[in-house]
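Visitor: Task: produce atomic coordinates for the following.
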Amino acid sequence: GPAGLRPTHDRHTPAHRQPPCIVAPAVRSSRPRHTGGEPVTRHDCSQPTRAPGVQGLYDPRFEHDACGVGFIAHMKGEKSHKIISDGLAMLENLTHRGAVGADPLMGDGAGMLVQIPDALFRAEWAEKGVELPPVGDYAVGHFFLPQEEELRTHIEGIIAQVIAEEGKELIGFRDVPVDNSSLSKAPQIVATEPVHRQVFIAKADDKEGGDAFERRLFILRKVISGRIHTETDGRDNGFYPVSMSSRTIVYKGMFLAYQVGAYYKDLLDERFVSALALVHQRFSTNTFPSWKLSHPYRMVAHNGEINTVDGNRNWAIARAAKFSAPELPDLQTLQPLVNLTGSDSSSMDNMLEVLLAGGVDLFRAVRMMIPPAWQNVDTMDSELRAFYEYNSMHMEPWDGPAGLVLSDGRYAVCMLDRNGLRPGRWEITKD
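Guide: Next up, the predicted model:
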């Protein structure tokens, strides 16, 4: 919670970590094992730390997290830079919930979700002679892009082309100011650091505001991702859409907790204000950390596991053909709606996005996916029981144990799944 925001630990002290070097492809060593003469599998640490595909006992479908989450929000929606600084302090207090690699400067991931800092962006664009549209009438997309300049230019061309095809106005691109001096200088780690670019997009017309604009941005992002995915035949080329919204923006990466504020210069700018800050420090359980799998995702930050994720993904595929909504007439062209190779948390975030884009209320969507243990509560109100019973016919639970914080830029939400095994605490302060 917001209390005790000052760090109480040495932020450079590494937490427990499992494999010392996580890269692909694996190479074979001729040194015999102690249990026999078979060669052992070792990882070539001279290669960039990119997560591999299916190999041996590893399958990216089984990515799980056990992490630290939190948020701080002003209940009356008043924006300030103090929310950002307090959020960063809260994140540092979660350092013990994250993991560190064999290199003590490489964490599993950390990040922050906030409201769009209009004052900062408006001032920067004004210096270039560009006046941004009113708040809510423009969106910001944050992208991880490859270091290779030619490939990066090609991807930015696709982004611009799709924005035009979808009837939106491209305001321009922004280089995200970063300082990587706090990160490891090991060559295989440096090779994974993405180039950060933000794209600014104006809405099409006055009728396309609020939820309608968010819905078109969801489609826009899916079309961009789908086109690049098709070009690469699904291979990772360093492209990843971190966020795209008229309400929120995500700053994250393969960091230790304290490196988030040290890396992203925007977060230290006094003009960067928000009424909420959602933070996450990752411990990737028996998985391959990466920039894109750090949290928060576009809405969700998650502590724990979704142990039903295989069934949830399979049901999402099975019912995809029946998904329909007047608000999303082109929904079937955006398959797959839920990713099958990211972490369990990313799949949950995908499904929540789909429900909201299709017009489902945020609170109903959350309780449809993550209901409480309602069946045997005799004292439950009959209308509330009917609500859960009705929604249970539409979607199976995404069961943890899981503790979640999430936001759509208007509400800050925290909750547990029905197992209740990822307890959290909250506090309302007097200021």
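Visitor: Assign His229 to helix, strand or coil.
Guide: Using DSSP: H, G, I helix; E, B strand; the rest coil, the three-state assignment for His229 comes out as helix.
Visitor: what's the burial count for it?
Guide: When counting by other C-beta atoms under 10 Å, one arrives at 15 neighbours for His229. Every C-beta, even on glycine, is put in place using the N, C-alpha and C of the backbone.
Visitor: for it, what are its contacts?
Guide: Listed by C-beta atoms under 8 Å, 6 or more residues apart in numbering, His229 has no contact partners.
Visitor: Quickly note the distance from it to Pro241.
Guide: 11 Å (C-beta to C-beta, to the nearest Å).
Visitor: same thing with Lys265?
Guide: Relative to Pro241, and taking C-beta to C-beta, Lys265 is found at 21 Å.
Visitor: Just want to know which of these two has more residues nearby.
Guide: Neighbours were counted for Lys265 and for Pro241 using other C-beta under 10 Å; Pro241 has more, 20 against 13.
Visitor: For the more buried one, which non-adjacent residue is closest in space?
Guide: The spatially closest residue to Pro241, leaving aside those adjacent along the chain, is Arg221, at 5.2 Å (C-beta to C-beta, 6 or more residues apart in numbering).
Visitor: just Gly403 next, same as before
Guide: Spatially, and ignoring its direct neighbours in sequence, Gly403 is nearest to Arg422 (3.3 Å; C-beta to C-beta, 6+ apart).
Visitor: what about that neighbour, is that helix, strand or coil?
Guide: From three-state DSSP, the assignment for Arg422 is coil.
Visitor: next one: Ser243
Guide: With three-state DSSP as the basis, Ser243 sits in strand.
Visitor: That one touches Phe144, doesn't it?
Guide: No. With contact defined as C-beta atoms under 8 Å, Ser243 does not count as touching Phe144 (10.7 Å).
Visitor: which regions of the protein sit below the pLDDT cut-off?
Guide: The model of the chain has pLDDT under 70 over residues 1-52, 57-58, 60-66, 285-287.
Visitor: ok, 80 please
Guide: Residues of the chain that meet the criterion pLDDT under 80 lie in 1-67, 96-104, 107, 206-209, 234, 283-289, 330, 332, 341-342, 423.
Visitor: Helices along that one, start to end?
Guide: 81-92, 118-127, 149-165, 187-190, 211-232, 259-263, 309-319, 344-357, 362-369, 382-392 (DSSP state H).
Visitor: so what's the residue most central in space within the chain up against?
Guide: By C-alpha atoms, centre = their mean, the chain has its centre lying nearest to Tyr297, at 1.5 Å. For Tyr297, the residues meeting the contact criterion (C-beta under 8 Å, 6+ apart) are 250, 345-346, 349.
Visitor: now Arg80, nearest residue through space, not along the chain?
Guide: In this structure residue 80 is Ser, not Arg. Per C-beta to C-beta, 6+ apart, closest to Ser80 is Val273, 5.5 Å.
Visitor: before we move on, what about Phe272?
Guide: That would be Pro117: by C-beta to C-beta, 6+ apart, it lies 4.3 Å from Phe272.
Visitor: Does the one you found touch Ala277 like I think?
Guide: No. Counting by C-beta under 8 Å, Pro117 does not reach Ala277; the two are 11.3 Å apart.
Visitor: ok, these two, which is more surrounded?
Guide: Ala277 (26 against 21).
Visitor: The more buried one and Leu267: what is the separation?
Guide: Taking C-beta to C-beta, one finds Ala277 at 9 Å from Leu267.
Visitor: same question, Ser343
Guide: Applying C-beta to C-beta to Ser343 and Leu267 gives a distance of 24 Å.
Visitor: Comparing those two, which residue is more hemmed in?
Guide: Ranked by neighbour count (other C-beta under 10 Å), Ser343 and Leu267 place Ser343 first, with 29 against 20.
Visitor: shouldn't that one be in contact with Leu293?
Guide: Yes. Counting by C-beta under 8 Å, Leu293 is a contact partner of Ser343 at 5.3 Å.
Visitor: what about the residue nearest to Arg97 when sequence neighbours are not counted, how many neighbours?
Guide: Closest residue to Arg97 apart from its sequence neighbours, by C-beta to C-beta, 6+ apart: Gly68 at 2.8 Å. For Gly68, the neighbour count with other C-beta under 10 Å is 24.
Visitor: for Glu208, same thing?
Guide: 16.
Visitor: wait, doesn't it sit right on Glu214?
Guide: No. Using C-beta under 8 Å, Glu208 is not in contact with Glu214; the gap is 9.8 Å.
Visitor: show me the contacts for Ile428.
Guide: Each residue near Ile428 by C-beta under 8 Å, 6+ apart is listed here: Met75.
Visitor: Okay, it and Leu276: tell me how far apart.
Guide: 14 Å.
Visitor: With His74 instead?
Guide: Taking C-beta to C-beta, one finds His74 at 7 Å from Leu276.
Visitor: Repeat that for Asp137.
Guide: In terms of C-beta to C-beta, Asp137 sits 21 Å off from Leu276.
Visitor: quick one: which of those two has more around it?
Guide: Counted by other C-beta under 10 Å, Asp137 and Leu276 do not tie: Leu276 has more neighbours, with 24 against 14.
Visitor: Show the contacting residues for the closest residue to that one other than its chain neighbours.
Guide: Using C-beta to C-beta, 6+ apart and skipping the chain neighbours, the partner closest in space to Leu276 is Ala73 (3.9 Å). For Ala73, the contact set (C-beta under 8 Å, 6+ apart) comprises 83, 275-277, 412.
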